[in-house]
Every structure is written in C-alpha cells, then in structure tokens.
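> here are the coordinates; sequence isn't available:
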Ligand code: PBG
C-alpha cells in the first residue's frame, strides 16, 4: 500500500509567485536603488594620498584632490549623497581643527561642492577625530563634558554650513545636541541646513575598523557613558522622540545589522525619514569572508542592504554604496 494517498495536497501554493523572475520581480516588496545610499568618505589633510584602509579593503583615506575625483564617480553612479569624515593635521584637547575655517572638513566641503554642486554633502559632526584623547567632546573629571561639548558643536556646525554643507550629522550622542545645533544654525542664518541626527547610536564593537580609518579610537576608557547600551530598545524610542522634538530632519540608527529590530521600532514610532548606518565592522566581516572565498560577496551585499531597507530604513549609509549601485545598474 502506498502512503501517498494519505498525504493531503496543498490547497494554497505560494510557489506559483516564485516560479520565474518576471513574477518574482512583480511581487517583490523591497526595492533597492542607488538613491537609497549615502557614501561615507575619509578625507585627510595630506597631499596626493589615496591610502587603502587595511581593515576596510576598497575604502581609502583621500586627500582633497583625490576626494574630488572620487565624488565625481559617486555622482556618476547615481548616488545622491556623501558623508565626510576628517583626518586633521593636529589634535588637541578640544578638537579645535573641527571648527576652523580652513579645517580639513571645511576645505573638503568647499572642494566637493565646487566640483559637484548637485551632490548632497553631509558632514559628520563629532570631535573624536580631532581630540588628542579621542573622546567625542572636551573632558571634565575624566568624562565628556556634555554642555561644554554643545558649545563647541555649535561652532563646528556653523563653520560646516559656512563652507557649504547641505546637512550636518551629529554623531556624539550628547544630550541636547540637536536643539543646540538647530538654534546655532538658525541664529546664523542657516535655516536651510538640515540635521541628520545619529539619534540612536550604540556603544558598539562594530566601529573597530572605522577607528583605524579615522584615527579616532579613545585613548582611555570607552564610549559607554554617552553611546547606548546594546541591550536597550525602549531607550532607542526615547532618544528618537527627543531628537524629533529638538528639531531633527532625519533620524539614524547605528549600527544596522544587529539592530534591525530597533530600525523597525523607530520606523513605526516616528514619522521622520530614517537612515541606518551599515558600519565599518559589518563591511569588514563581509570583505574578510569574501576574500577567503567563503561567501558570495555580491549576493551577500544585496541581501544585507535589502534587509536594512526591509526593516524600515529609507536610506542606508554604507561603504558598499558604489558596489551596490553598480550591481543595480546591470
Ligand atoms: C564618530 C563616528 C563613529 C562612526 C561614525 N561616526 C565612530 C565611533 O563612534 O566611535 C563609526 C562608523 C563606522 O564604524 O563605520 N565620529
């Protein structure tokens, strides 16, 4: 006796919608586009430098001349925006290069806007690359002095706006940073300069390669007294709400992959456009595995970026932006 007569036939057959690419493409719920991406770039004060970052193969520290070439190719690929990180010629206790008129970022913004006026230029606003101690603001009693940092942040964003930045992205997780920045920009006439707030930024080990790239590792301790505890999600909603009230134009969750649940929850709790940062450690892990032949890099990249968008991000900051834009053009 055959058992097959006792096995019920399916009533519903979802496989019909997966049978071939035309139907799959019609029912696909999440689409990636080059316009979803913000490409992070590291600019150094040196001359004629294009130095590959060892832990981030394919990413470079660029001098301004090379940065200008790079943004042209970014624009050609249909990527609308870059976010700039600076490697200054000197560091000091308050990170003063970050707010000089001829600071590295200010020079870079001018050069990029000059070469590619239609590229949306976002500046990362922080102090860790500029302070000799590597923390995200001036210190008092061994920790970052929140309110003194706000005063310096105001100086930094105004100087970025004067250089021509379209949007500023404060990443230091200081209390009240969005309000301080909004009021500094408004009072100096830069009402049109937007704020992409790193509203929900965790104290994450996934930033390791970035700290090598930007030379921004803390010289003592860690960032747990200002960045969020990875265990907390409710607190993420509180941070997001505060930044909405303080006047952010867009919010960010960072990192992305271990925090897809947080992206989803912030997406559902607020109405602002939401960005997610696919950070350096997430990039490095894929690059390392691919270099060993253990994974199919192109497929993994598209799967990862799709997952971030599916979770609820409208835009993705990613070192894969150019690679993904090329794949999407094929
Ligand atoms: C702070 C900043 C960091 C990153 C972006 N902005 C590092 C940190 O908080 O230590 C990390 C980005 C990445 O890992 O790709 N200026």
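Great, that's in hand. Every value quoted in this text rests on a predicted model; they were computed, and no experiment measured them.
> Count residues in the vicinity of the one residue in the stretch 1-150 of the chain that gets nearest to the ligand, would you?
Using CB to the nearest ligand atom, the single residue of the stretch 1-150 of the chain nearest to the ligand is residue 126, 3.4 Å away. In short, each C-beta sits where N, CA and C put it, glycine included. Residue neighbour count, defined by other CB atoms under 10 Å, stands at 28 for residue 126.
> same thing with residue 25?
9.
> for it, helix, strand, or coil?
Following DSSP: H, G, I helix; E, B strand; the rest coil, residue 25 is assigned to helix.
> Residue 103 versus that one, what's the distance?
Distance from residue 25 to residue 103, counting by CB to CB, to the nearest Å: 47 Å.
> Residue 2 too?
79 Å.
> would you say residue 52 is within a strand?
Yes - assigned with three-state DSSP, residue 52 falls within a strand.
> Enumerate every residue touching it.
Residues near residue 52 by CB atoms under 8 Å, 6 or more residues apart in numbering: 58, 59, 60.
> repeat for residue 156
98, 99, 125, 127.
> about what we covered before: any idea which of the contacts of residue 52 has the most stuff around it?
When neighbours are counted by other CB under 10 Å, residue 59 leads the contacts of residue 52 with 23 neighbours.
> so what does the one helix or strand residue 186 maps to touch, helix or strand wise?
Element membership of residue 186 [criterion: DSSP states H and E] is helix 177-187. Applying 3 or more CB pairs under 8 Å, 6 or more residues apart in numbering; DSSP states H and E, we find helix 177-187 packed against helix 146-163, strand 167-170, strand 194-201, helix 234-246.
> The next helix or strand after the last one vs helix 234-246, what angle?
Read it as helix 234-246. Next in sequence after helix 234-246, counting helices and strands by DSSP H and E, comes strand 250-254. For strand 250-254 against helix 234-246, the angle by axes from the mean of the first three to the mean of the last three CA atoms, to 10 degrees is 160 degrees.
> Partner strands of strand 250-254, with direction?
Each strand paired with strand 250-254, and its direction, by DSSP bridges: strand 194-201 (parallel), strand 274-278 (parallel).
> Give me the number of neighbouring residues for residue 307.
Residue 307 has 16 nearby residues by other CB under 10 Å.
> what helix or strand is it on?
Assigned by DSSP H and E, residue 307 belongs to helix 297-311.
> Now do the same contact list for residue 29.
residue 310.
> ditto for the one 4 residues further on
Taking CB under 8 Å, 6+ apart as the criterion, residue 33 is in contact with 78, 328.
> Just the pLDDT for the residue of the stretch 1-150 of the chain closest to the ligand.
On pLDDT, residue 126 comes in at 94.
> check contacts around it.
98, 136, 170, 171, 172.
> from these, which are also near the ligand?
Contacts with the ligand within the contacts of residue 126, as defined by CB under 6 Å from any ligand atom: residue 171.
> could the contacts of residue 126 go into CSV alongside neighbour count and pLDDT?
Listed next are those as CSV, based on neighbours: other CB atoms under 10 Å; pLDDT from 0 to 100:
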residue, neighbour count, pLDDT
98, 29, 97
136, 25, 93
170, 29, 98
171, 23, 96
172, 24, 96
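> rewinding a little: mind checking which of residue 2 and residue 103 has more residues around it?
residue 103 (23 against 6).
> dump the residue contacts of the residue nearest to the more buried one when sequence neighbours are not counted.
Residue nearest to residue 103 in three dimensions, not counting chain neighbours: residue 97, with 4.7 Å by CB to CB, 6 or more residues apart in numbering. Residues in contact with residue 97, defined by CB under 8 Å, 6+ apart, are 86, 88, 89, 90, 91, 103, 104, 130.
> where does this protein dip in pLDDT?
Across the chain, the stretches falling below the confidence threshold (pLDDT under 70) are 1.
> Which residues of it lie near the ligand?
124, 126, 128, 171, 207, 210, 211, 216, 279, 280.
> Perfect, that will be all.
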